[in-house]
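# attaching a predicted model along with its sequence, questions to come.
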Amino acid sequence: MTAATPIRVALIGLGKIARDQHLPAMVADPRFELVAIVSRHAEQPGLPRFHTFDALLAGGVAFDAVALCTPPQVRHGLARQALEAGKHVMLEKPPGATLSEVEDLRQVAEARGVTLQTTWHSRHAPAVAPTRDWLAGKTITAARINWREDVRVWHPGQDWIWEPGGLGVFDPGVNALSIATAVLPRPFFLTEATLHVPENRQSPIQAQLSFVDTAGVPVTAEFDFLQTGPQSWDIEIDTDGGALRLSHGGAKLWIDGALVHEQPEAEYPGLYARFAELIASGQSDVDVTPLRHVADAFLLGRRVTAPAFVE
(Lines give C-alpha, C1' and ligand atoms only; values in the text may rest on other atoms or scores of the structure.)
Protein backbone atom coordinates (compact mmCIF):
# COMPACT_ATOMS: atom_id res chain seq x y z
CA MET A 1 0.00 0.00 0.00
CA THR A 2 1.33 3.43 -0.99
CA ALA A 3 -0.01 6.97 -0.96
CA ALA A 4 -1.67 6.16 -4.27
CA THR A 5 -3.13 2.93 -2.87
CA PRO A 6 -5.28 3.69 0.17
CA ILE A 7 -5.79 1.26 3.00
CA ARG A 8 -9.13 -0.44 2.37
CA VAL A 9 -11.15 -0.63 5.59
CA ALA A 10 -14.21 -2.61 6.59
CA LEU A 11 -16.12 -1.00 9.44
CA ILE A 12 -17.59 -3.55 11.85
CA GLY A 13 -20.44 -2.08 13.88
CA LEU A 14 -22.29 1.01 12.72
CA GLY A 15 -23.50 2.61 15.94
CA LYS A 16 -23.17 6.11 17.35
CA ILE A 17 -19.37 6.21 17.69
CA ALA A 18 -18.88 4.82 14.18
CA ARG A 19 -21.21 7.36 12.60
CA ASP A 20 -20.09 10.33 14.69
CA GLN A 21 -16.34 9.73 14.57
CA HIS A 22 -15.00 6.88 12.43
CA LEU A 23 -16.88 7.64 9.23
CA PRO A 24 -15.90 11.35 9.10
CA ALA A 25 -12.28 10.58 10.04
CA MET A 26 -11.90 8.00 7.27
CA VAL A 27 -13.59 10.16 4.66
CA ALA A 28 -11.24 13.03 5.48
CA ASP A 29 -8.03 10.97 5.28
CA PRO A 30 -6.91 10.02 1.76
CA ARG A 31 -4.81 7.19 3.18
CA PHE A 32 -8.02 5.25 3.84
CA GLU A 33 -10.92 3.98 1.77
CA LEU A 34 -14.05 2.60 3.43
CA VAL A 35 -15.12 -0.38 1.34
CA ALA A 36 -17.69 -2.31 3.39
CA ILE A 37 -19.91 -2.29 6.47
CA VAL A 38 -20.67 -5.19 8.79
CA SER A 39 -23.87 -4.57 10.73
CA ARG A 40 -27.02 -6.50 11.49
CA HIS A 41 -29.29 -3.47 11.51
CA ALA A 42 -27.64 -0.42 9.93
CA GLU A 43 -26.28 0.37 6.50
CA GLN A 44 -24.36 3.12 4.76
CA PRO A 45 -25.51 4.36 1.33
CA GLY A 46 -23.18 3.39 -1.47
CA LEU A 47 -21.37 0.65 0.43
CA PRO A 48 -21.91 -3.11 0.53
CA ARG A 49 -23.33 -4.23 3.86
CA PHE A 50 -22.87 -7.67 5.40
CA HIS A 51 -24.72 -9.08 8.39
CA THR A 52 -21.69 -10.97 9.73
CA PHE A 53 -17.91 -10.91 9.42
CA ASP A 54 -18.04 -14.40 7.95
CA ALA A 55 -20.28 -13.06 5.20
CA LEU A 56 -17.80 -10.25 4.54
CA LEU A 57 -14.91 -12.71 4.21
CA ALA A 58 -16.94 -14.79 1.78
CA GLY A 59 -18.38 -11.82 -0.09
CA GLY A 60 -15.52 -11.05 -2.44
CA VAL A 61 -14.83 -7.52 -1.16
CA ALA A 62 -11.10 -6.82 -0.99
CA PHE A 63 -10.04 -5.10 2.24
CA ASP A 64 -6.83 -4.64 4.21
CA ALA A 65 -8.02 -3.62 7.67
CA VAL A 66 -11.01 -3.50 9.97
CA ALA A 67 -12.16 -0.85 12.44
CA LEU A 68 -14.00 -2.68 15.22
CA CYS A 69 -16.77 -0.55 16.71
CA THR A 70 -18.92 -3.24 18.29
CA PRO A 71 -19.61 -3.42 22.04
CA PRO A 72 -16.48 -4.71 23.81
CA GLN A 73 -18.11 -7.98 24.90
CA VAL A 74 -17.97 -9.38 21.34
CA ARG A 75 -14.78 -7.78 20.04
CA HIS A 76 -12.31 -10.53 20.84
CA GLY A 77 -13.70 -13.19 18.52
CA LEU A 78 -14.12 -10.77 15.62
CA ALA A 79 -10.69 -9.23 16.08
CA ARG A 80 -9.00 -12.62 16.31
CA GLN A 81 -10.76 -13.79 13.15
CA ALA A 82 -9.64 -10.65 11.30
CA LEU A 83 -6.04 -10.94 12.48
CA GLU A 84 -5.87 -14.60 11.49
CA ALA A 85 -7.15 -13.61 8.06
CA GLY A 86 -4.18 -11.25 7.74
CA LYS A 87 -6.08 -8.02 8.32
CA HIS A 88 -4.90 -5.05 10.35
CA VAL A 89 -7.21 -4.23 13.25
CA MET A 90 -8.17 -1.01 14.98
CA LEU A 91 -9.98 -1.61 18.28
CA GLU A 92 -12.38 1.07 19.51
CA LYS A 93 -11.98 1.71 23.22
CA PRO A 94 -12.09 -0.14 25.51
CA PRO A 95 -10.10 -2.65 23.46
CA GLY A 96 -11.79 -5.69 25.00
CA ALA A 97 -13.90 -6.98 27.84
CA THR A 98 -10.83 -8.36 29.65
CA LEU A 99 -7.10 -7.83 29.76
CA SER A 100 -6.50 -11.45 28.77
CA GLU A 101 -8.46 -10.98 25.54
CA VAL A 102 -6.28 -8.07 24.47
CA GLU A 103 -3.08 -9.94 25.31
CA ASP A 104 -4.25 -12.83 23.16
CA LEU A 105 -4.90 -10.46 20.25
CA ARG A 106 -1.47 -8.91 20.69
CA GLN A 107 0.14 -12.31 20.37
CA VAL A 108 -1.92 -13.24 17.30
CA ALA A 109 -1.07 -9.92 15.59
CA GLU A 110 2.62 -10.47 16.26
CA ALA A 111 2.50 -14.03 14.95
CA ARG A 112 0.64 -13.00 11.78
CA GLY A 113 2.76 -9.93 11.13
CA VAL A 114 -0.17 -7.50 11.05
CA THR A 115 -0.96 -4.30 12.92
CA LEU A 116 -3.12 -4.17 16.04
CA GLN A 117 -4.00 -0.77 17.49
CA THR A 118 -5.70 -0.16 20.82
CA THR A 119 -7.23 3.28 20.49
CA TRP A 120 -7.45 5.79 23.33
CA HIS A 121 -8.98 8.69 21.46
CA SER A 122 -8.81 11.15 24.35
CA ARG A 123 -5.01 11.02 24.25
CA HIS A 124 -5.30 12.75 20.87
CA ALA A 125 -7.24 15.69 22.30
CA PRO A 126 -5.40 18.90 21.37
CA ALA A 127 -4.27 19.98 24.86
CA VAL A 128 -3.00 16.59 26.07
CA ALA A 129 0.49 16.81 24.56
CA PRO A 130 0.98 20.43 25.72
CA THR A 131 -0.09 19.32 29.21
CA ARG A 132 2.52 16.57 29.25
CA ASP A 133 5.16 19.02 28.05
CA TRP A 134 4.24 21.67 30.65
CA LEU A 135 4.40 19.15 33.49
CA ALA A 136 7.90 17.99 32.53
CA GLY A 137 10.37 18.91 35.26
CA LYS A 138 7.73 20.19 37.68
CA THR A 139 6.96 18.75 41.09
CA ILE A 140 3.40 17.45 41.25
CA THR A 141 1.70 17.51 44.65
CA ALA A 142 -1.82 16.28 43.81
CA ALA A 143 -4.11 15.41 40.89
CA ARG A 144 -7.90 15.29 40.71
CA ILE A 145 -10.08 13.85 37.94
CA ASN A 146 -13.71 14.94 37.59
CA TRP A 147 -15.51 13.15 34.74
CA ARG A 148 -19.25 13.73 34.89
CA GLU A 149 -21.75 13.30 32.06
CA ASP A 150 -25.37 12.39 31.41
CA VAL A 151 -25.61 8.79 30.24
CA ARG A 152 -29.04 9.48 28.74
CA VAL A 153 -27.49 12.06 26.39
CA TRP A 154 -24.23 10.34 25.46
CA HIS A 155 -25.25 6.66 25.51
CA PRO A 156 -28.95 6.53 24.66
CA GLY A 157 -30.36 3.02 24.44
CA GLN A 158 -26.97 1.36 24.83
CA ASP A 159 -27.98 -1.48 27.13
CA TRP A 160 -24.65 -3.26 26.57
CA ILE A 161 -22.90 -0.60 28.62
CA TRP A 162 -24.65 -1.87 31.78
CA GLU A 163 -23.81 -5.54 31.20
CA PRO A 164 -20.64 -7.31 32.40
CA GLY A 165 -17.78 -6.09 30.22
CA GLY A 166 -19.65 -2.90 29.30
CA LEU A 167 -17.95 -0.99 32.14
CA GLY A 168 -20.84 1.33 33.04
CA VAL A 169 -19.52 4.75 34.08
CA PHE A 170 -16.00 3.52 33.38
CA ASP A 171 -16.77 3.62 29.65
CA PRO A 172 -16.23 7.41 29.73
CA GLY A 173 -14.07 7.17 32.85
CA VAL A 174 -11.44 5.15 31.03
CA ASN A 175 -10.99 8.17 28.75
CA ALA A 176 -9.91 10.19 31.79
CA LEU A 177 -7.58 7.41 32.86
CA SER A 178 -6.10 7.26 29.37
CA ILE A 179 -5.22 10.95 29.63
CA ALA A 180 -3.91 10.70 33.18
CA THR A 181 -1.62 7.80 32.30
CA ALA A 182 -0.32 9.81 29.34
CA VAL A 183 0.42 13.10 31.15
CA LEU A 184 1.40 12.15 34.70
CA PRO A 185 5.13 11.41 34.87
CA ARG A 186 4.99 8.38 37.20
CA PRO A 187 2.85 5.24 37.43
CA PHE A 188 -0.01 5.39 39.92
CA PHE A 189 -1.86 2.62 41.70
CA LEU A 190 -5.35 2.18 43.10
CA THR A 191 -5.66 2.19 46.88
CA GLU A 192 -9.43 2.47 47.35
CA ALA A 193 -12.60 2.52 45.25
CA THR A 194 -16.36 2.76 45.75
CA LEU A 195 -18.61 1.62 42.90
CA HIS A 196 -22.29 2.57 42.94
CA VAL A 197 -24.27 -0.07 41.02
CA PRO A 198 -27.99 0.45 40.31
CA GLU A 199 -30.14 -2.31 41.76
CA ASN A 200 -31.41 -3.17 38.27
CA ARG A 201 -28.02 -3.05 36.48
CA GLN A 202 -24.74 -4.92 36.60
CA SER A 203 -22.20 -2.11 36.09
CA PRO A 204 -21.57 1.08 38.11
CA ILE A 205 -23.27 4.38 37.47
CA GLN A 206 -20.91 6.34 39.74
CA ALA A 207 -17.44 5.70 41.15
CA GLN A 208 -14.95 7.32 43.50
CA LEU A 209 -11.33 6.24 43.20
CA SER A 210 -8.17 6.96 45.17
CA PHE A 211 -4.70 6.35 43.76
CA VAL A 212 -1.13 7.06 44.82
CA ASP A 213 1.85 7.33 42.52
CA THR A 214 5.34 5.95 43.09
CA ALA A 215 6.40 9.18 44.85
CA GLY A 216 3.39 9.10 47.19
CA VAL A 217 1.44 11.80 45.35
CA PRO A 218 -2.36 11.37 45.71
CA VAL A 219 -4.55 11.08 42.61
CA THR A 220 -8.33 10.98 42.98
CA ALA A 221 -11.11 10.41 40.45
CA GLU A 222 -14.86 11.04 40.51
CA PHE A 223 -16.89 9.43 37.72
CA ASP A 224 -20.61 10.21 37.41
CA PHE A 225 -23.13 9.07 34.78
CA LEU A 226 -25.99 11.13 36.27
CA GLN A 227 -24.67 14.64 35.65
CA THR A 228 -27.34 17.01 34.36
CA GLY A 229 -26.81 20.53 33.11
CA PRO A 230 -23.19 21.41 32.29
CA GLN A 231 -21.04 18.35 31.71
CA SER A 232 -17.50 18.20 33.07
CA TRP A 233 -14.48 16.33 31.80
CA ASP A 234 -11.66 17.92 33.80
CA ILE A 235 -8.28 16.99 35.27
CA GLU A 236 -6.68 19.31 37.82
CA ILE A 237 -3.01 18.98 38.75
CA ASP A 238 -1.26 20.97 41.51
CA THR A 239 2.46 21.65 40.95
CA ASP A 240 5.27 23.81 42.26
CA GLY A 241 4.94 25.83 39.05
CA GLY A 242 1.23 26.54 39.29
CA ALA A 243 -2.18 24.93 39.09
CA LEU A 244 -3.01 23.16 35.84
CA ARG A 245 -6.51 22.34 34.61
CA LEU A 246 -7.16 20.25 31.53
CA SER A 247 -10.81 20.79 30.62
CA HIS A 248 -13.40 19.79 28.01
CA GLY A 249 -12.02 16.27 27.78
CA GLY A 250 -8.53 17.47 26.94
CA ALA A 251 -9.43 20.27 24.54
CA LYS A 252 -8.37 23.23 26.72
CA LEU A 253 -5.37 23.81 28.97
CA TRP A 254 -5.49 26.35 31.81
CA ILE A 255 -2.61 27.47 34.03
CA ASP A 256 -3.52 29.37 37.19
CA GLY A 257 -6.93 30.12 35.69
CA ALA A 258 -5.65 31.45 32.37
CA LEU A 259 -6.39 29.65 29.11
CA VAL A 260 -3.04 28.89 27.45
CA HIS A 261 -3.90 26.30 24.80
CA GLU A 262 -6.99 25.53 22.74
CA GLN A 263 -7.39 23.96 19.31
CA PRO A 264 -10.24 22.33 17.37
CA GLU A 265 -11.03 18.72 18.32
CA ALA A 266 -9.23 16.20 16.12
CA GLU A 267 -9.11 13.00 18.18
CA TYR A 268 -10.23 10.48 15.57
CA PRO A 269 -8.25 11.99 12.70
CA GLY A 270 -5.27 11.56 15.03
CA LEU A 271 -6.17 7.91 15.64
CA TYR A 272 -6.40 7.17 11.93
CA ALA A 273 -3.15 9.00 11.21
CA ARG A 274 -1.50 6.80 13.83
CA PHE A 275 -3.11 3.67 12.35
CA ALA A 276 -1.69 4.53 8.92
CA GLU A 277 1.78 5.08 10.41
CA LEU A 278 1.68 1.76 12.25
CA ILE A 279 0.62 -0.16 9.16
CA ALA A 280 3.31 1.52 7.05
CA SER A 281 6.00 0.63 9.59
CA GLY A 282 4.73 -2.88 10.28
CA GLN A 283 4.20 -2.18 13.98
CA SER A 284 1.42 -2.49 16.56
CA ASP A 285 0.42 -0.23 19.44
CA VAL A 286 -1.16 -2.23 22.25
CA ASP A 287 -1.53 -0.35 25.54
CA VAL A 288 -3.90 -1.67 28.21
CA THR A 289 -2.77 0.64 31.05
CA PRO A 290 -6.09 2.55 31.28
CA LEU A 291 -8.10 -0.68 31.18
CA ARG A 292 -5.86 -2.20 33.86
CA HIS A 293 -6.87 0.60 36.24
CA VAL A 294 -10.53 -0.18 35.55
CA ALA A 295 -9.92 -3.87 36.22
CA ASP A 296 -8.24 -2.93 39.51
CA ALA A 297 -11.29 -0.89 40.49
CA PHE A 298 -13.63 -3.80 39.82
CA LEU A 299 -11.32 -6.12 41.76
CA LEU A 300 -10.65 -3.87 44.76
CA GLY A 301 -13.72 -1.63 44.80
CA ARG A 302 -16.44 -1.69 47.41
CA ARG A 303 -19.80 -2.12 45.68
CA VAL A 304 -22.72 -0.05 46.93
CA THR A 305 -26.29 -0.58 45.74
CA ALA A 306 -27.70 2.52 44.06
CA PRO A 307 -31.34 3.31 43.12
CA ALA A 308 -32.64 1.63 39.97
CA PHE A 309 -31.69 3.37 36.73
CA VAL A 310 -34.45 3.97 34.16
CA GLU A 311 -33.51 5.22 30.68
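Arrived safely.

# can you get me a residue count around I12?
Neighbours of I12 under the rule other CB atoms under 10 Å: 27. In this view, the C-beta of every residue, glycine as well, is placed from N, C-alpha and C.

# was I right about it contacting C69?
Yes - between I12 and C69 there is a contact under CB atoms under 8 Å: 6.4 Å.

# the closest residue to Q227 other than its chain neighbours: neighbouring residues, count only.
Excluding its sequence neighbours, the residue lying closest to Q227 (CB to CB, 6 or more residues apart in numbering) is R148, at 3.7 Å. Per other CB under 10 Å, the neighbour tally for R148 reads 21.

# tell me who's in contact with R148.
222-224, 227, 231-233 (CB atoms under 8 Å, 6 or more residues apart in numbering).

# ok, so what distance separates it from G165?
Distance, R148 to G165, by CB to CB, to the nearest Å: 23 Å.

# and if you look at F298?
10 Å.

# and K93, helix, strand or coil?
coil (DSSP: H, G, I helix; E, B strand; the rest coil).

# for it, give me phi and psi.
Backbone torsions of K93, given as degrees, to the nearest 10, read phi -80, psi 150.

# kindly report the same for A111.
Dihedral angles (degrees, to the nearest 10) for A111: phi -70, psi -40.

# okay, now it: neighbour count?
Per other CB under 10 Å, the neighbour tally for A111 reads 10.

# tell me where the stretch 51-200 of the chain has helices.
53-58, 75-84, 99-112, 128-135, 151-154, 170-183 (DSSP state H, counting those that start in this stretch).

# just the pLDDT at the most centrally placed residue in the chain, thanks.
Centroid-nearest residue in the chain, with CA atoms, centre = their mean: K93, separated by 3.3 Å. Among the per-residue scores, K93 holds a pLDDT of 95.

# report the contact partners of it.
118-121, 174-175, 178, 290.

# could you check the pLDDT of M1?
Note on M1: pLDDT of 53.

# now swap in the one 4 residues further on and tell me
Confidence per residue is given as pLDDT, and for T5 that number is 90.

# now it: how far from F32?
For T5, the distance to F32 - CB to CB - is 11 Å.

# need the strands for the stretch 1-150 of the chain, in chain order.
Along the stretch 1-150 of the chain, the segments classed as strands by DSSP state E, counting those that start in this stretch run 7-12, 32-38, 49-50, 65-68, 88-91, 116-118, 140-148.

# name every strand pairing with the strand ranked longest in the chain and say which way it goes.
Taking DSSP state E as the criterion, the chain has its longest strand at strand 188-198. Sheet pairing of strand 188-198 (DSSP bridges) gives strand 206-213 (antiparallel), strand 302-306 (parallel).

# out of those, which one sits most buried?
Among these, strand 206-213 has the highest mean neighbour count (mean count of other CB atoms under 10 Å), at a mean of 20.

# that one - what's its average pLDDT?
Per-residue pLDDT over strand 206-213 has a mean of 98.

# likewise stretch 253-265?
95.

# what does it contact?
125-127, 130-131, 134, 242-247, 251-252.

# and for stretch 116-124?
21, 79, 83, 88-93, 95, 102, 105-106, 108-109, 128, 175-176, 178-179, 182, 249-250, 266-271, 274-275, 278, 284-288, 290.

# just the buried subset of the residues you listed, please.
With burial judged by 16 or more other CB atoms under 10 Å, the buried subset of these is 21, 79, 83, 88-93, 95, 102, 105-106, 108-109, 128, 175-176, 178-179, 182, 249-250, 267-271, 274-275, 278, 284, 286-288, 290.
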